[in-house]
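Q: quick one: sequence plus predicted model below, questions after.
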Amino acid sequence: MDCWEGRVLNIIEIIKCKRDQKELSTEQIDFFIKEYSNGNISDYQASSLLMAIYLNGMSEREIYDLTIAMARSGEIVDLSDIPGIKVDKHSTGGIGDKVTMVLMPLVAACGVPVAKMSGRGLGYTQGTIDKLEAIPGFRTNIDMDEFKRNVRRIGISIIGQSDRIALADKKIYALRDVTGTVESIPLIASSIMSKKIAAGSDKILLEVTCGSGAFMENEIRARVLAQTMVGIGKRAGKETIAAITNMNQPLGKYVGNALETMEAIETLKGNGERDVVTVCSILGAHMLRLAGVDDSVVNNIKRIQGKIDSGEGLEKFREFVSRQWGDSRVIDNPESLMTAKFKIPVNALDNGFVSSMEAKNIGQAVVNIGGGRQKKDDAIDYAVGIELAKKIGDEVKAGEPLMYIHTNKETDGLMQVEMLRKSVQISNEPVEKIKEILDIIE
Ligand code: URA
């Protein structure tokens, strides 16, 4: 039972309810989001409520109500004038995660419209928008009309996330960041899903990354987050599937904006690393299933791989780049994106087999050499990044490179070498390669 029972809505009562482990009513949650957004509730009272939620959790119904209230606090995108079932894809973030750039043209080449809002990188992860903007001329700051026109004409467009989406989430996220309340599953799930619901797609595919390079290091928590978000999507009438992906090492061979774009193009040309191809094929298959193409995941994997083999995925990417003002010549010459002045090896000190990696440190090293942001408006150096020479399970000899640092400032690059070397553990015993997809939750 909720603790409102028709009394006057009041933030102090709401805080006390959550403090005393009672359920908040829909009205109380709506009141909090509306009044906090309007500046009628102070940060100290909002912080107190967030901490009570962090400590005492929320029921499924409360999490859903919070999500919907936050979604309604800003603009709701209307994609209903674009024909077909629109399936959005979201990743909770990882290192070397170029999946969106590969997956979206492949799905569009299968006839499913792709209308995607993406974010920029923050902290130790890079965002799809930054990776695409590494292509000379490429623009994601297009307006909604151009975005929709592109989807109608060529089946694909990607736009930077509007500042007007889920306005309450922006304010609450900034507060969580400074009050020790980021790591609450009800707050993370409602934050992500409020933006997905407001972005207007019919169905949602989530990639919940898990491991040393992910927001969720622990698999149990990643599963709970995935189940919570799938539950919210269902209640909102937007069928949602979550794939839990392994982020105990970077995905693919490159980490860094332009380097990852180059790798995405190579993957669309059929030269992809096994892990990137596996993740894109399986996620793509589930997107096609959500879009009603075919219920069989096996058939859909074949469809996705067929679009790599035929080159139709690459051609769709070329069309997409041209239409968003980018120089599509990079598609024929992706190495032109590899322009950093220095390539510094990080060599192994021992013989053995790579047994684990601190993927987060690899992402942080890219930020340290200029490839990421500490603050939202920081400028970034697209060219810099890390090239992995070895991955978990590979044999290595002392003196052989584990990875290379691509940098424009040699001293900054050299300063990362020891940290990166220590981020790779080497064992005497052979080690198995890691599984890319840990589970699918639906
Ligand atoms: N990403 C979001 O959008 N919100 C969170 O709370 C965490 C990750």
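A: That came through, no problem. Only a predicted model underlies this, so the values are computations on that prediction, with no experimental measurement involved.
Q: what ranges do the strands span in this protein?
A: Listed in chain order, the strands found in the chain under DSSP state E are 87-91, 114-118, 156-160, 203-210, 240-246, 254-255, 342-347, 352-357, 385-388, 395-396, 401-407, 424-427, 437-441.
Q: what's the local residue count around the residue lying closest to Y36 once chain neighbours are set aside?
A: With CB to CB, 6 or more residues apart in numbering as the criterion, Y36 has its nearest non-adjacent residue at 5.2 Å, and that residue is A46. C-beta here means a position set from N, CA and C on the backbone, and glycine is covered the same way. Here the number of neighbours of A46 (other CB atoms under 10 Å) works out to 20.
Q: still on that earlier bit, export the strands of the chain to TSV and append columns for mean pLDDT, mean neighbour count and distance to the ligand.
A: What follows is these, written out as TSV (pLDDT from 0 to 100; neighbours: other CB atoms under 10 Å; distance: least, CB to the nearest ligand atom, whole Å):
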stretch	mean pLDDT	mean neighbour count	distance to the ligand
strand 87-91	94	25	9
strand 114-118	89	25	12
strand 156-160	92	23	15
strand 203-210	96	26	11
strand 240-246	98	25	14
strand 254-255	98	30	19
strand 342-347	98	17	30
strand 352-357	98	19	22
strand 385-388	98	25	23
strand 395-396	98	16	34
strand 401-407	98	24	27
strand 424-427	98	17	27
strand 437-441	98	17	17
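Q: and the ones you listed as a markdown table, adding distance to D78?
A: Putting the strands of the chain into a markdown table (distance: least, CB to CB, whole Å) gives the following:
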| stretch | distance to D78 |
| --- | --- |
| strand 87-91 | 14 |
| strand 114-118 | 11 |
| strand 156-160 | 14 |
| strand 203-210 | 16 |
| strand 240-246 | 20 |
| strand 254-255 | 36 |
| strand 342-347 | 47 |
| strand 352-357 | 43 |
| strand 385-388 | 38 |
| strand 395-396 | 53 |
| strand 401-407 | 42 |
| strand 424-427 | 48 |
| strand 437-441 | 28 |
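Q: quick one, which of those strands is nearest to F138?
A: With distances scored as CB to CB, the stretch of the strands of the chain nearest to F138 is strand 156-160 (9.6 Å).
Q: quick one: strands adjacent to that closest one?
A: Based on DSSP bridges, the pairing partners of strand 156-160 within the sheet are strand 114-118 (parallel).
Q: check what contacts stretch 124-134 and list those residues.
A: The set of residues external to stretch 124-134 that reach it, using CB atoms under 8 Å, 6 or more residues apart in numbering, is 93-95, 97-98, 100-101, 118-121, 138-140, 158, 160, 213, 255-258, 260-261, 264, 324, 326, 337, 360, 363-364, 366-367, 371-372, 380, 382-383.
Q: does that stretch reach the ligand?
A: No. Using CB under 6 Å from any ligand atom, stretch 124-134 never reaches the ligand; the gap is at least 10.1 Å.
Q: tell me how far that stretch lies from the chain's centre.
A: On the basis of CA atoms, centre = their mean, to the nearest Å, stretch 124-134 is displaced by 10 Å from the centre of the chain it belongs to.
Q: quick one: end-to-end distance for that stretch.
A: Criterion CA to CA, to the nearest Å; first-to-last residue distance in stretch 124-134 is 18 Å.
Q: same check on stretch 324-339?
A: End-to-end span of stretch 324-339 (CA to CA): 22 Å.
Q: contact partners for whatever residue of the stretch 101-250 of the chain ends up closest to the ligand?
A: With CB to the nearest ligand atom as the measure, S191 is the residue of the stretch 101-250 of the chain nearest to the ligand, at 3.4 Å. Applying CB under 8 Å, 6+ apart, one finds that S191 lies in contact with M70, A166, D169, I172, Y173.
Q: how close does it sit to T240?
A: In this structure, S191 and T240 are separated by 15 Å, where distance is defined by CB to CB, to the nearest Å.
Q: so T26 sits against L66, correct?
A: No. Here T26 lies out of contact with L66, judged by CB atoms under 8 Å, at a distance of 9.7 Å.
Q: neighbour-wise, which of those two wins?
A: When neighbours are counted by other CB under 10 Å, T26 and L66 differ, and L66 comes out ahead with 29 against 16.
Q: low-confidence stretches in the stretch 201-350 of the chain?
A: Across the stretch 201-350 of the chain, no stretch falls below the confidence threshold (pLDDT under 70).
Q: pLDDT weak spots in the stretch 1-150 of the chain?
A: Across the stretch 1-150 of the chain, the stretches falling below the confidence threshold (pLDDT under 70) are 1-2, 4-6, 122.
Q: nearest to the ligand: which residue in it?
A: Of the residues in the stretch 1-150 of the chain, the one nearest the ligand is T92, at a distance of 6.0 Å by CB to the nearest ligand atom.
Q: so the residue nearest to Y36 makes contact with I33?
A: No. In this structure, A46 sits apart from I33 without contact. The criterion is CB under 8 Å, and the distance is 10.0 Å.
Q: pull up the residues of this structure that are close to the ligand.
A: Applying CB under 6 Å from any ligand atom, one finds that the chain approaches the ligand through Y173, L187, I188, S191, I192, F215.
Q: let's see it at 5 Å
A: Taking CB under 5 Å from any ligand atom as the test, the list of the chain residues beside the ligand reads I188, S191, I192.
Q: go through these and name the one nearest L225.
A: If you rank the residues of the chain next to the ligand by distance to L225 using CB to CB, I188 comes first, at 6.2 Å.
Q: relative to Y404, how far out is the spatially closest residue to the closest one that is not a sequence neighbour?
A: Nearest residue to I188, sequence neighbours excluded (CB to CB, 6+ apart): L225, at 6.2 Å. In this view, L225 and Y404 are 34 Å apart by CB to CB.
Q: ok, now E219?
A: Following CB to CB, the distance that separates E219 from Y404 is 31 Å.
Q: and A389, by the same measure?
A: Summarising the geometry, the distance separating A389 from Y404, computed by CB to CB, is 7 Å.
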